[in-house]
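Visitor: Pasting the sequence and the predicted model now:
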Amino acid sequence: MTSQYATELCSLLIEDNFGELFARIFSTLQRYDRLTLPRLRFYSRLSDRQLHHGLAAMVQHHLIYHYTSLEDGNTYYETNLQSAYYLVRSGKILEMIEDRLGKYAATVMSTIMFLGHAQIAHLETLPELKPQRSHANGVGEEMKEEAEGQANGVDGEHELDELVENAAIHSTLKALAAHGYVIQVRDAQFQSPNDNVLDAQRVLKARPDVKEMKGKKQEQFLLENTERIVKERTDGDLSRGLMFNGVPQGVKRKHSQKPNEERREYVDIDEDEENEWSDDDFGGNSPMDSNLVVRVNYPKLDVALRNRRLVELVDQESSSATAQVYDCLLRRIEYQTPRCRDIAEIPREGEESEQYSVPIRLSALVDDIDPYLDLSGSIGPMEVPQGPARRGKRPLENGVHGDTDDREGQPSSTTNGTSSSSSGASRTYEVDQHLCLLAQPPYNFTSKRMIGGLINWTVEYRHLARKLRHTELERIIEARYGDVALRVVRVLHAKGKLDEKRLQEISLLPFKDLRQVLASMQAGGFVDLQEVPRDAQRQPSRTIYLWFYDPDRVAAGILEDTYKAMSRCLQRIRFERARLREFLDKTERSDVKGNEERYLSEGELKTLHQWRAKEALLLGEVSRLDDMVAVFRDY
Amino acid sequence: MSRAGAKKGRRLPGAEFSWDADPGGEADTAPTPLFPKYSVPPARLLSAREQLQVDQYRELRERHHEGPYYSVLDVAASAARKGSAARAHFDPFHGMPSYSRRYQKKKRALPRLQGRTYVMKFFPRELWSTIQPSFKGDGAGLDFPVTKISFKRGFEDDDEEEEEDAAKRRRRTDGEEGEDDEAAERDEEADRELLEDDEDAEEEIVDDDFEEDDDEMGGDYNAEQYFDGGDDEYGEDGFGDGGGGGGGGDEDVY
């Protein structure tokens, strides 16, 4: 992603978040690539102290890679474009985490983002993470209430308080770690990927058995093992010990919308089964190692965002019940998918092999889905007719009983299909029907697998990512050149390179329209023309002209344009802010801030409101453009 | 030369692939309009979720801005050191420090690194002395106690304080140099180098600028310091040393 506009965008983002000093250092490094401190001082024209402090803070925020060479002892600094870019996605990530894990988890996450990387011990001490407000997990609060029930002002109570607070933060951190949203910081993550590869190769080459190998064989060996070593060194996965039955700890589950007492009851009944990972027992867990240093794991978050995007697409294409079923499937898959792609770059069209995600057992899936979700309403009538009527007004007790039943049967679900109640069986069938619906073309959201006689569902992500890219491109083409152009492009995409005459025959368009559209699209870089001379003279009359549409090329161009558009939006925000500078400075005064109503006049309040709306619109636009970038680059 | 396209009549070969929208028409040579009418598509309003996302982004950004790392390059001109280039851009009409300035959001020229713990092993060696001025030796991955931030009344300049820090650091290193000789020579050396650099730079700037002042304006008239009586200036001139930290901030208190 090293390009002019990507660089510009990253510098602007850094400036927006961290101020001019960081942006100056970043853009200097970006312009001159890898620099040592004296060189950097020379080029950036900053003072020594500015550089030292700036660099240290930027390393803390992972905005800069550093590498100390063993040969000359110099430390080289290099920009980290990826993490600079992810600044723009922070809002999206926090919103998603709040949606999934609750408000408190989002606060913890934003604190980690704010600190760059953070030691658990440090997080424990922060006042903003003490759960005095009502937070969605509810647990810490309950326990705190209990604690407060005792006499006030005793010293012992303080300790208990602290314990409770720490329990809340530890359980939340565990949930985040189990989902893979935070990872452990490793030394190697501070070095650029290239340095890591070179380091690994150096280590390998120093081994005596490798030294003895020759030529091709050695190369082959290096190639195979470098990746493994780099992975070992950078891998900071924390989720290993924290998964239970393939589901991370502390997952907010759909069933938990039921009244609380009821849930407690059933937990009491079959403690040994569910209790270990339902979100009731936060306090009982051992705390995380307080020396651990954590940071945000962006690749994993990309996986989650990709799933969300797919669910949105399904929601457009079919019923909301289907989308929810799909959401559950993707959620299950997400827990076992560390990143969107195994390779760094998006492969070229047609060179991508099929890659299926991990298969998920249907029975596990049925268990995840909200038992009150109306599955049968959105698909046609089935063999078991009692479904919809009964589900509407089922007595509560019965429902609870049924649930317990389901869950008890869950571990031995091989026999579940036959032995459990008919409602369970029909529900499984319904879920299967929904998934079958999703497996239909054109999207093929899912695909079915039989493993050992059990139904499993997987997702072919590469195909879907490609599909997303294509729909995005088609959307742009339609918006810019109209539906005729869209038809032409689709024909070209399906048939390959076409002569104008053939193209006209297939697309059933008059010559005039076709040419207009082709010419304007060529000017915009969406289609292109290939000349195939029939003889050596290359006379125009004896040359065949073929139109073609290359999605890779177009996508690369669009990606650049998107970066550019994003940076223009940010520049616009800066300009608008400069226009209102005096006023905004006033609103940021420490006495005005927080009680704007008291100190600002009516007109000023209105201006402030307008400014906020305007900024929100521009930032919203940036975040929409970021969605496009994600489709073209990350998924 | 026989034209292959002759059967198509008057048209030249290849003309059927012309760029023009209208084949056979006159080429349009008129200049394109300077300001053509654009139909700018209005952006969709933000959905509830997008609004949430934007709010979260802004909240985090606000936190960064309030946080210790947000730093700008040009601090307020009146806070700039005497005689520096920034000082010359001082706006005498709006820039005069007033009482209400204590409420103004303060801008930082340097990220503040004190006040939290760092894991040293993640940073390159040459930055260690910056992150933890008292740090000696090579205890990789050691944790350090949080140095408490001293709260100020609110309208002093950050610059001044940073200088104090530097001065303190200098003193500390001086003291420690006497105490432990062998321990971590390399680091200390680096440290000293760094400090020397720092001092050099500061001294240079200060000296130069005072000289300039003297030469160009005779050291007599300074609009920004009209009410100061100018006595401290003379005093500093007399010493002519680099310890201008105290003098620089004097008139900025109110």
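Guide: Received the coordinates, thanks. Numbering: from 1, shown residues only, chains lettered A, B, ... in the order given.
Visitor: Isn't A:Asn80 up against A:His66?
Guide: No - here A:Asn80 lies out of contact with A:His66, judged by Cβ atoms under 8 Å, at a distance of 9.9 Å. (C-beta placed from N, C-alpha, C; glycine too.)
Visitor: Let me know how buried the residue nearest to A:Pro551 when sequence neighbours are not counted is, in neighbour terms.
Guide: Beyond its immediate neighbours in the sequence, the residue positioned closest to A:Pro551 (Cβ to Cβ, 6 or more residues apart in numbering or on different chains) is A:Glu349, lying 5.4 Å away. Number of residues near A:Glu349 (other Cβ atoms under 10 Å in any protein chain shown) recorded here: 15.
Visitor: Tell me who's in contact with A:Glu349.
Guide: Shown here is A:Glu349, whose contacts under the criterion Cβ atoms under 8 Å, 6 or more residues apart in numbering or on different chains are A:466, A:550-552.
Visitor: Can you tell me which of these are buried?
Guide: By neighbour count, with 16 or more other Cβ atoms under 10 Å in any protein chain shown, the contacts of A:Glu349 hold A:466, A:550-551 as buried.
Visitor: now, which of the contacts of A:Glu349 sits nearest A:Leu473?
Guide: Lowest distance from A:Leu473 to these (Cβ to Cβ) belongs to A:Pro551, with 6.1 Å.
Visitor: In the stretch 1-150 of chain B, which residue sits closest to chain A?
Guide: With Cβ to the nearest Cβ as the measure, the residue in the stretch 1-150 of chain B that lies nearest chain A is B:Tyr57; the distance is 3.0 Å.
Visitor: For that residue, report the pLDDT, please.
Guide: Note for B:Tyr57: predicted pLDDT of 95.
Visitor: Ok, A:Thr322 next?
Guide: In this model, A:Thr322 carries a pLDDT of 91.
Visitor: One more: the one 5 residues further on?
Guide: According to the predicted model, the pLDDT of A:Asp327 comes to 92.
Visitor: so it touches A:Val311, yeah?
Guide: Yes - proximity of A:Asp327 to A:Val311 meets the contact threshold set by Cβ under 8 Å, at 4.8 Å.
Visitor: you'd agree the residue of the stretch 1-150 of chain B closest to chain A is in a helix?
Guide: Yes - counting by DSSP: H, G, I helix; E, B strand; the rest coil, B:Tyr57 is located in a helix.
Visitor: close enough to count as contact, A:Asn456 and A:Thr446?
Guide: No - the pair A:Asn456 and A:Thr446 does not pass the contact test of Cβ under 8 Å, sitting 10.4 Å apart.
Visitor: Those two: which has the busier surroundings?
Guide: Comparing A:Asn456 with A:Thr446 by other Cβ under 10 Å, the one with more neighbours is A:Thr446, at 25 against 18.
Visitor: So that one sits against A:Leu437, correct?
Guide: No - in this structure, A:Thr446 sits apart from A:Leu437 without contact. The criterion is Cβ under 8 Å, and the distance is 9.1 Å.
Visitor: list the contacts for B:Phe123?
Guide: With contacts taken as Cβ under 8 Å, 6+ apart, B:Phe123 has the following neighbours: A:56, A:59-60, A:66, B:131.
Visitor: need the strands for chain A, in chain order.
Guide: Across chain A, reading from the start of the chain, the strands by DSSP state E fall at A:35-36, A:64-68, A:75-79, A:118-119, A:182-184, A:243-244, A:247-248, A:293-296, A:360-361, A:447-451, A:454-458, A:498-499, A:528-533, A:543-548.
Visitor: okay, these in a markdown table with mean pLDDT next?
Guide: Putting those into a markdown table (pLDDT from 0 to 100) gives the following:
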| stretch | mean pLDDT |
| --- | --- |
| strand A:35-36 | 92 |
| strand A:64-68 | 93 |
| strand A:75-79 | 93 |
| strand A:118-119 | 90 |
| strand A:182-184 | 91 |
| strand A:243-244 | 70 |
| strand A:247-248 | 71 |
| strand A:293-296 | 92 |
| strand A:360-361 | 88 |
| strand A:447-451 | 88 |
| strand A:454-458 | 90 |
| strand A:498-499 | 93 |
| strand A:528-533 | 93 |
| strand A:543-548 | 94 |
